[in-house]
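no sequence for this one, just the structure:
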């Protein structure tokens, strides 16, 4: 018997391979899905079933691709806001045998209308579920977001409350296997660990402490979430079925001379913020590798083309993997070696970084031509903010940059300076020239306040 968790870094996506008696099922596979087939074969298992907990918003499903590789049947929930062309509909109470394991379907709408959970039973020990694949209904430390149906927000929050009751009814012994972990955009309060039980969540998950349905609804509709534009692309592809990932997840190497011949919609520098700020190709934006899953979908569209700039080949390959998983894979090539390019006479641009003393000085002076622009999310800003700062969430600068005045000077700030550099790089790529970054940002401001 096998249960293997397969984690996708960046997206914090969790998928599972479970098998027994020579058969196996995969729950919520990702687009680059060779890993499931390779793991199953290494264990002597044949993948016969593929289950989707819901139509994912944040990544391309690998279900239709894995089905074509294995001949397995795909099962998806009802009410998917369209026809999931590659899947059969699974409904409440449907049961599937995988060797001595049994997977039972539980309809759990709320996060999405088509959401399912899958209770896992061992037929040799039938007294209670061994575990439950909870998708995006129940996480470790949090529950699913319910903002995808803004015109039905109270209704869907109530549906999630009812669905959570159904999961809790499986018993405290059941191990939970969610579809996402900490860092995912599908929830905001997830614990750092990826293991828990229904019983532990019942006692410790903040949202599960709310016993009153109406109070739960009020809590959910008061949450602040953001929906990157690429979510709409994921919704469409996960109805139609996405294409297989490119066989080679590494961009074509470009020489410095070839860069001039490459016309890409976006030049994306995937180095760390300090490296980017110190020197970057004119017109390039900054998306550090680890931030691509969270922010690429805000700034890059389905039809856009990409040229990657990195420190080394490994960095470019990692960036490509992240982009492929959200179907932003029109990558024309990659270049590594910004320092050698500068040494060869290539002009570079910089974005200065300033510290707390300078920020405080500018605030005290009340400079008419300067704005401190806070790009954190709304929840962060509600907890603490700097008087005199303006707020636009980093992702929303994809369009709201047009509200800003290129003649003004802007200092970008966030919690530490990471998102501020992404925001500054985006504004620089849009032609803003009077930019700098608050190094340490809110963390540095709080530290200075504590010392004074």
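Yes, it's here. Keep in mind the model is a prediction, meaning the values are calculated, not measured. Numbers count the residues shown, from 1 in each chain.

Helix or strand for residue 69, just tell me which one.
helix 63-70 (DSSP states H and E).

All the strands of the stretch 251-400 of the chain, residue numbers only.
With DSSP state E, counting those that start in this stretch as the criterion, the stretch 251-400 of the chain has strands at 266-269, 285-286, 306-310, 331-336, 353-354, 370-374, 390-391.

With distance to residue 133, mean pLDDT and mean neighbour count as added columns, please give these in a markdown table.
Every residue, glycine included, has its C-beta placed from N, CA and C. Formatted as a markdown table, these follow (distance: least, CB to CB, whole Å; pLDDT from 0 to 100; neighbours: other CB atoms under 10 Å):
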| stretch | distance to residue 133 | mean pLDDT | mean neighbour count |
| --- | --- | --- | --- |
| strand 266-269 | 34 | 97 | 24 |
| strand 285-286 | 37 | 97 | 26 |
| strand 306-310 | 34 | 97 | 25 |
| strand 331-336 | 33 | 95 | 20 |
| strand 353-354 | 45 | 97 | 18 |
| strand 370-374 | 39 | 98 | 21 |
| strand 390-391 | 38 | 98 | 14 |
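
moving C-terminal of the helix holding residue 69, what's the next helix or strand?
Helix 63-70 is succeeded, C-terminally, by strand 73-76 (DSSP H and E).

picking up where we left off before, distance to residue 38 for the strands of the stretch 251-400 of the chain - can I get that in CSV?
Converted to CSV, the strands of the stretch 251-400 of the chain look like this (distance: least, CB to CB, whole Å):
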stretch, distance to residue 38
strand 266-269, 30
strand 285-286, 35
strand 306-310, 27
strand 331-336, 24
strand 353-354, 44
strand 370-374, 45
strand 390-391, 46
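
Show me the one of those strands that comes nearest residue 243.
Nearest of the strands of the stretch 251-400 of the chain to residue 243, taken as CB to CB: strand 331-336 at 14.7 Å.

pLDDT weak spots in the stretch 201-350 of the chain?
By pLDDT under 70, the weakly predicted segments of the stretch 201-350 of the chain are 261.

before we move on, the earlier item: let me know which of the strands of the stretch 251-400 of the chain is the nearest to residue 448.
Comparing those by CB to CB, strand 353-354 comes nearest, at 13.0 Å.

what's the closest one packed up against?
strand 435-438 (3 or more CB pairs under 8 Å, 6 or more residues apart in numbering; DSSP states H and E).

Direction-wise, compare the helix or strand following the strand it packs on with strand 370-374 and give the angle.
Going down the chain from strand 435-438, the next helix or strand is helix 441-451, by DSSP H and E. Here helix 441-451 points in a direction 100 degrees away from that of strand 370-374 (axes from the mean of the first three to the mean of the last three CA atoms, to 10 degrees).

picking up where we left off before, so for residue 32, which of the strands of the stretch 251-400 of the chain sits nearest?
strand 331-336 (14.3 Å).

Which secondary structure elements does the closest one sit against?
helix 256-259, strand 306-310, helix 313-324.

Highest mean neighbour count out of these?
strand 306-310 (a mean of 25; mean count of other CB atoms under 10 Å).

Quick one: residues in contact with that strand.
251, 254, 259, 262, 264-271, 280-281, 284, 289, 300, 316, 319-320, 323, 328, 330-336, 338 (CB atoms under 8 Å, 6 or more residues apart in numbering).

so what strands line up beside it?
strand 266-269 (parallel), strand 331-336 (parallel) (DSSP bridges).

Give me the contact list for the first one.
Read it as strand 266-269. 276, 280-281, 283-287, 296, 299-300, 304-310, 319, 338, 425, 429.

And the longest one, by the same measure?
Where contact means CB under 8 Å, 6+ apart, the residues beyond strand 331-336 that reach it are 250-256, 258-259, 262, 264, 305-313, 315-316, 319-320, 323, 341.

can you state the direction angle for it and helix 313-324?
Going by the same axes, to 10 degrees, strand 331-336 makes 150 degrees with helix 313-324.

quick one: strand 331-336 to chain centroid distance?
Distance, stretch centre to chain centre, for strand 331-336: 23 Å (CA atoms, centre = their mean, to the nearest Å).

Please apply the same query to the shortest one.
Between the centre of strand 266-269 and the centre of its host chain there is 20 Å, according to CA atoms, centre = their mean.

The helix holding residue 69: which residues count as buried?
63, 64, 65, 66, 67, 70 (16 or more other CB atoms under 10 Å).

Run a quick neighbour tally on residue 2.
16 (other CB atoms under 10 Å).

All further residue positions should be reported with the first residue as 4.
Yes, from this point I'll number from 4; that puts the last item at residue 5.

how about it, phi and psi?
Dihedral angles of residue 5 (phi, psi; degrees, to the nearest 10) stand at phi -140, psi 140.

Go through the helices and strands packed on strand 334-339 and name the closest to residue 411.
Between those, strand 309-313 lies closest to residue 411; by CB to CB that is 27.7 Å.

now that closest one: how far from the chain's centre is it?
Distance, centroid of strand 309-313 to centroid of chain: 20 Å (CA atoms, centre = their mean).

of the helices and strands packed on strand 334-339, which approaches residue 148 most closely?
Here helix 316-327 is closest among these (CB to CB), at 21.4 Å.

which residues touch the closest one?
Residues contacting helix 316-327 (CB under 8 Å, 6+ apart): 13-14, 34-35, 248-249, 252-254, 256, 271, 273-274, 290, 292, 295-296, 299, 303, 309, 311, 313, 332, 334, 337, 339.

and with 7 Å instead?
13, 34-35, 248-249, 252-254, 273, 292, 295-296, 299, 309, 311, 313, 332, 334, 337, 339 (CB atoms under 7 Å, 6 or more residues apart in numbering).

same question, stretch 289-305
Against stretch 289-305 from outside (CB under 7 Å, 6+ apart): 13-14, 188, 231-233, 236, 269, 271-276, 279, 288, 309, 318, 321-322, 325-326, 329, 331, 397-398, 401, 421, 424-425, 428-429.

That one spans what distance, first to last residue?
In stretch 289-305, first residue to last residue: 19 Å (CA to CA, to the nearest Å).

Tell me the buried residues in it?
289-303.

ok now that stretch, how far from the chain's centre?
That offset, for stretch 289-305, works out to 10 Å (CA atoms, centre = their mean).

try stretch 404-417
Distance, centroid of stretch 404-417 to centroid of chain: 26 Å (CA atoms, centre = their mean).
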